[in-house]
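Visitor: here's my sequence, what's the structure:
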Amino acid sequence: MDLLHTLLETCTTVTRRVKHLEEDKIAQTLEITKLKQRVEVEKTTEIEVNTDVQRRQAESQAQIYQIDLEHADMVLSMQDDEVEPVELQEVVEVVTTAKLMTEVVTAASATITVADTLITAAALTA
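Guide: Numbering: from 1, shown residues only. Take a look at the predicted model:
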């Protein structure tokens, strides 16, 4: 009877261990599920943060380009829209078969300034 009693105690002990192991397994599965959910939340948050950063970078670039466009408009508006022609007389000597001719040519010129460089454009009129 002593052997039977020992076997029953051993069986009860093993049954309790199995039950505790099953409970531990359930607890670990629950913990794993919670950790996976946290990882998903972190990934989603990271994606949202990256999207937000990219949006802010795009806005910053747009602001930079807007400043550049405004600067270009300001520079262009600083130029004089009404150009007054400047009278220019040029003496042109034309040699035609032993004949010397002198003509007075009047030309209209406009002064165009770009980046502190003076350029004169002249159109000849006869």
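Visitor: any idea how this structure splits into domains?
Guide: Domain ranges of the chain: 1-78, 82-126, per automatic domain parsing.
Visitor: rank these by pLDDT, which is bottom?
Guide: With a mean of 51, domain 82-126 has the lowest mean pLDDT of these.
Visitor: from E48, how far out is A27?
Guide: Relative to E48, A27 is positioned 32 Å away (Cβ to Cβ, to the nearest Å). C-beta coordinates here come from the backbone N, C-alpha and C atoms, glycine included.
Visitor: same question for L8.
Guide: Distance of L8 to E48, given as Cβ to Cβ: 60 Å.
Visitor: please apply the same query to M1.
Guide: 70 Å.
Visitor: so which of those two has more stuff around it?
Guide: E48 (10 against 5; other Cβ atoms under 10 Å).
Visitor: quick check: that one vs L30, distance?
Guide: Note on E48: its distance to L30, by Cβ to Cβ, is 27 Å.
Visitor: ditto for T15
Guide: Here the distance between T15 and L30 works out to 23 Å (Cβ to Cβ).
Visitor: then V14?
Guide: Taking Cβ to Cβ, one finds V14 at 25 Å from L30.
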